[in-house]
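Trainee: model this:
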Amino acid sequence: MSTTAGSSEGKKKKKASSDGNGSREDVSVVKDTRSAEEIQNAQIIGALKSLYKDKLLPIEKKHLFHKFNSAEILDAEIVSKPTVLLVGQYSTGKTSFIRHLINMDYPGIHIGPEPTTDGFIAVVYGEESRTIKGNALTGFNELPFSGLSVFGSSFLNKFTAAVVPAPILKDINIVDTPGVLSGEKQRTARGYDFAKVSRWFAERSDLILLLFDCSKLDISDEFKSVIEELQPHEDKVHCVLNKADQLDQESLMRVYGALLWSMGRILKGAEVARIYVGSFHVKPLLREEHKYLFDKDREALMAHISTLPKACSLRKINEMVKRIRLNIVHCCIVGYLKAKMPYLWGKEKRQQELIKKLDEVFVDLRRQYQLPEGDFPKVDEYRADLQLSDFSSFPAINRKTLESLQDMLTQDIPKITQMLSTEVKRDAQGNVQESQLPQMFQYREPESSALQVSPVLAGAVLLLAILVGLLLTSMADNHAVARRLWAQFLQSLVAAANAANTNGEASTVAAAATTAAAVAGN
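Mentor: Numbering: from 1, shown residues only. Down below sits the predicted model:
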């Protein structure tokens, strides 16, 4: 099984050498065989893990965030490779597309016109081809699927991982979903919530490909609802018009335009999703006149997939920002609902009134806290989760918590984002230079090797020396000689203090030394 970014073999180690006198000398250049991109990604991942575990996760647990929103983010999900998610109706060529992409068969593959894939299949890299069942898959720390255990055995029994030694899988994971069915089968026959599982994968995917069959372009109501679940992640959604070699040029143009129009109505964005046209299978093309168009779109799709590893860190930062903003809204919602509850009696009645008027509560919160409408969850889903909750047990709105979340957006996230533009440099031997690491992970040595002493401390030591000198002078036999020698010593101190006079405290010390010298001279 392949290891993830930030593995232990890439960790830097401090080295020290001893000279003949037993002194130790720090070495500022460390050996590191990783590329600059791998080092940069490891630093970003480490910073994201620290931000989530130390700051965001305690707030989520205190405010019951996981009960109403996404589950806890595990370490394996933060360090995981990019994931490509395939979604579509049955018999649109999702399995054939994966086979075409990795250029080999994988365990459990079955291609046919009927609904052949009845579960989720994660295609991952491994030296030997094998299959890992869903329940066992949640125990693999190398793979980012441990969080799926929250969906229970009914889903895990329908989830497997196909391990194959395909070179492209060294950089990405591919997830194949069962074809979206029509009617009640989509909602009741599966045994698990297909929409919630798809949303879980969508939140953790870097690219979502919606596959369409050019001969069956009609989008069912069930498939439409699944696409609407992907609305918060429309920046990752791309479309693939598959089996397009069955159509002539005129029909292909009409089908392409119809798909653009349909997707524009469902996603309701300012820009339509990118559509790649082709026939992603190993058979010869039925119409050779489409070869140039298909090759061009295939190259564009493969080029986009090849950029996913580089953009993976930026995507994780983006998802963390979304989660922080969602936490701000959630904290305001539960705190608002708690504040509206009575102290003594009538709690159940008041709670049902608030649930019924939840849309008005959202409007009031947006106006009161100046929250964006796009950061709020869906009213109906949130209302259903509130039915089983006790508003009196919710934590109150804490301004310090909101300020802490805001600091994550305005201070911590910009520091992490700045790492993307930080160049990791090497010396002539190819060693990573520590001085070129990002600022938040770098220790700066003092500009001068001389001992840095506080002016106040220096003044106190100087006055103590004056008092001791005066005491010794009064006890000496030859008072005239002692006073003269001590005055000369104090005058040299005054000259040194004046030379290093950089602030008010130093000038005060110099003035005190001058006065003491005059007294000693008399």
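Trainee: what pLDDT, on average, does stretch 146-159 get?
Mentor: Stretch 146-159 carries an average pLDDT of 88.
Trainee: Report the distance from it to the chain centre.
Mentor: 24 Å (C-alpha atoms, centre = their mean, to the nearest Å).
Trainee: What is the burial count for R350?
Mentor: R350: 16 surrounding residues under other C-beta atoms under 10 Å. Backbone N, C-alpha and C define where each C-beta goes, glycine included.
Trainee: just the one 4 residues further on next, same as before
Mentor: Using other C-beta under 10 Å, the number of residues around L354 comes to 18.
Trainee: Quick check: buried residues in the strand or helix carrying it?
Mentor: Element membership for L354, per DSSP states H and E: helix 347-356. Buried positions in helix 347-356, judged by neighbour count with 16 or more other C-beta atoms under 10 Å: R350, Q351, L354, I355.
Trainee: of all these, which comes closest to D248?
Mentor: The nearest member of the buried residues of helix 347-356 to D248, counting by C-beta to C-beta, is I355 at 55.8 Å.
Trainee: need the helix or strand of the chain with the lowest average pLDDT.
Mentor: strand 16-18 (a mean of 41; mean pLDDT, DSSP states H and E).
Trainee: thinking again about what came up before, can you list the residues that contact the helix holding L354?
Mentor: With contacts defined as C-beta atoms under 8 Å, 6 or more residues apart in numbering, helix 347-356 is touched by L337, K340, M341, P342, V361, R383, L386, Q387, D390, F391, S392.
Trainee: Is the last one in contact with L337, as I believe?
Mentor: No: with the criterion set as C-beta atoms under 8 Å, S392 and L337 do not qualify as a contacting pair; they are 9.5 Å apart.
Trainee: In terms of neighbours, single out the busier of these two.
Mentor: Applying other C-beta under 10 Å to S392 and L337 shows that L337 carries more neighbours, namely 21 against 13.
Trainee: What sits closest to the more buried one if chain neighbours are left out?
Mentor: In this structure, L337 finds its nearest non-sequential neighbour in F391, 4.7 Å apart by C-beta to C-beta, 6 or more residues apart in numbering.
Trainee: Give me the pLDDT value at that neighbour.
Mentor: We have a pLDDT of 88 for F391.
Trainee: The helix or strand harbouring P309 packs against which elements?
Mentor: Using DSSP H and E, P309 maps to helix 308-339. With contacts taken as 3 or more C-beta pairs under 8 Å, 6 or more residues apart in numbering; DSSP states H and E, helix 308-339 sits against helix 36-51, helix 57-62, helix 65-68, helix 358-369, helix 399-407, helix 413-418.
Trainee: In a helix, T131, correct?
Mentor: No: assigned with DSSP: H, G, I helix; E, B strand; the rest coil, T131 falls outside any helix and is strand.
Trainee: Settle this for me: it is touching F159, isn't it.
Mentor: No: counting by C-beta under 8 Å, F159 is not a contact partner of T131; they are 11.3 Å apart.
Trainee: out of those two, which sits in the busier spot?
Mentor: F159 (22 against 13).
Trainee: what residues are up against that one?
Mentor: By C-beta under 8 Å, 6+ apart, the contact list for F159 reads G119, F120, I121, A122, G134, L137, F145, L148.
Trainee: Show me those that map onto strands.
Mentor: F120, I121, A122 (DSSP state E).
Trainee: what's around the first one, how many residues?
Mentor: Just to be clear, that refers to F120. Neighbourhood size, F120 [other C-beta under 10 Å]: 24.
Trainee: residues touching it, list them.
Mentor: Per C-beta under 8 Å, 6+ apart, neighbours of F120: F155, K158, F159, T160, V175, D176, T177, P178, V197, F201.
Trainee: what about it, distance to S225?
Mentor: To S225, F120 is 18 Å away according to C-beta to C-beta, to the nearest Å.
Trainee: And D193, by the same measure?
Mentor: Distance from D193 to S225, counting by C-beta to C-beta: 12 Å.
Trainee: Over to S279?
Mentor: Per C-beta to C-beta, S279 is found 28 Å from S225.
Trainee: Neighbour count: those two, which is higher?
Mentor: Each of S279 and S225 has its neighbours counted (other C-beta under 10 Å); S279 has more, 23 against 15.
Trainee: what residues are up against the nearest residue to the more buried one once chain neighbours are set aside?
Mentor: Distance criterion C-beta to C-beta, 6+ apart; nearest residue to S279, sequence neighbours excluded, is D245 at 4.2 Å. D245 makes contact with S279, L285, L286, R287, H290, F294, according to C-beta under 8 Å, 6+ apart.
Trainee: Model confidence for the fourth one, exactly?
Mentor: The reference is to R287. For R287, pLDDT reads 83.
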